[in-house]
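Undergrad: Sequence and predicted model, in that order:
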Amino acid sequence: MKLSFIKKALGVTLFSMVSIGGFAQDLIAKQAPSDKRMKDVNNVKLTRAVGSSANLNDPASDIYTNWDNNFYKVEGHVAANYKIDLRGFHMPTPSRKITSNFGPRWGRQHAGLDIKVYIGDTIRAAFDGKVRVVKYDGRGYGYYVVIRHPNGLETLYGHMSKQIVKEDQIVHAGDPIGLGGNTGRSTGSHLHFETRLLGQAIDPAFMFDFERQDVTGDFYVTRTGAISKGSQAARSTRQMETSEAKAVATNEVEAIETAAAPAPARTAAKAPAAKTTKPAQKSNAKQANYSVKNGDTLYSIARKHGTTVDKLCKLNGLKSNSVLRTGQKLKCS
């Protein structure tokens, strides 16, 4: 009897130890992945907070020299063939339907893409950034938002029915910034989406593929010449860079030839006055009667003629945001 009792007692004890051990192991097995997930989440949050907060307070400060809540007031300098980082993006809308492309439209330049959305659809920030402009433009964008991003881009979201962010607010890619609408100069509910670098519009289709809901690559390299706005020092830097680029990179001549165009006129001016007076007058006459072509902007015309946007505006009674018409005659000197 005693031996049988001892065997039974040992069996119960061993079973209890195995059960408790197994139960404890199950708890550890269940707890470990949870702890790991929490650690990963915390690491992501910490990395995001530490890695992006400084940049988001003053995004792209390496190329922009000012921060102004007026859409047209941008200053700074960016070199030719600037590399834009498209990683960490979020599509501003899940809509895949483009209703109007970038380029000339109805006698004026359409500076973005129109994407079909309905009134009340959520519009989201394309990248991390800081909200620069939250305004209403009754003759144009309607309710619109402009965000500056650390990659150098500024994205614009127009014709919304409501803005749900404020100026100087920091946002992250995918954060809601407004609702789809039909405000301003619009004939139907849609999102007008622009991508700009130092105020110069770039076709968003070069970077965003709305049909596939993806970006075109990890990076996009601009194919324009250097861009300068604001100070005289920035303009001098641009001229120096484009001259050096022409000397060392023949494959980039097309991108910079317009920036270097004024050089022949300066060379000709050194010839004897008696021989150059009439040709100089002809050159000025050509500059004074420039005819606007499709895709021209005040900046591109100023660059072609070795002048500034401010001077063009004064000569022609224009504003920096004036819309140019194809065939319009402009005085350039």
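TA: Good, I have the coordinates. Numbering: from 1, shown residues only.
Undergrad: Worst mean pLDDT across the helices and strands of the chain, which element?
TA: Every helix and strand in the chain was compared by mean pLDDT, DSSP states H and E; the lowest is helix 253-256, with a mean of 33.
Undergrad: Residue 126 contacts residue 155, doesn't it?
TA: Yes - distance between residue 126 and residue 155: 4.9 Å, which falls inside the contact criterion (Cβ atoms under 8 Å). Where C-beta positions appear, they are placed from N, C-alpha and C, glycine not excepted.
Undergrad: Compare neighbour counts for the two and give me the winner.
TA: When neighbours are counted by other Cβ atoms under 10 Å, residue 126 and residue 155 differ, and residue 126 comes out ahead with 28 against 22.
Undergrad: Would you list the phi and psi of the more buried one?
TA: With angles defined as degrees, to the nearest 10, residue 126 sits at phi -80, psi -30.
Undergrad: For it, give me its contacts.
TA: 89, 90, 91, 92, 147, 149, 155, 173, 208 (Cβ atoms under 8 Å, 6 or more residues apart in numbering).
Undergrad: ok, back up a step: anything in contact with each of residue 126 and residue 155?
TA: Residues within reach of residue 126 and of residue 155 at once, by Cβ under 8 Å, 6+ apart, are 92, 147, 149.
Undergrad: quick one: which of those sit in strands?
TA: Among the shared contacts of residue 126 and residue 155, the ones falling in strands (DSSP state E) are residue 147.
Undergrad: any idea which of the shared contacts of residue 126 and residue 155 is closest to residue 167?
TA: When these are compared for distance to residue 167 (Cβ to Cβ), residue 147 wins out at 10.4 Å.
Undergrad: Which stretches in the stretch 1-150 of the chain count as helices?
TA: If you assign secondary structure with DSSP state H, counting those that start in this stretch, the helices in the stretch 1-150 of the chain sit at 2-57.
Undergrad: Quick check: the gap between residue 66 and residue 139.
TA: To residue 139, residue 66 is 25 Å away according to Cβ to Cβ, to the nearest Å.
Undergrad: Which of those two has more residues huddled nearby?
TA: For residue 66 and residue 139, the more surrounded residue by other Cβ under 10 Å is residue 66, and the numbers stand at 11 against 7.
Undergrad: Look at the residue nearest to the more buried one when sequence neighbours are not counted and say how many residues are nearby.
TA: Across the structure, with Cβ to Cβ, 6 or more residues apart in numbering as the measure, the residue nearest residue 66 apart from its sequence neighbours is residue 75 (4.3 Å). When neighbours are defined as other Cβ under 10 Å, residue 75 has 17 of them.
Undergrad: go on, residue 148?
TA: Per other Cβ under 10 Å, the neighbour tally for residue 148 reads 24.
Undergrad: wait, it sits on residue 154?
TA: Yes - the pair residue 148 and residue 154 qualifies as a contact (Cβ under 8 Å) at a distance of 4.9 Å.
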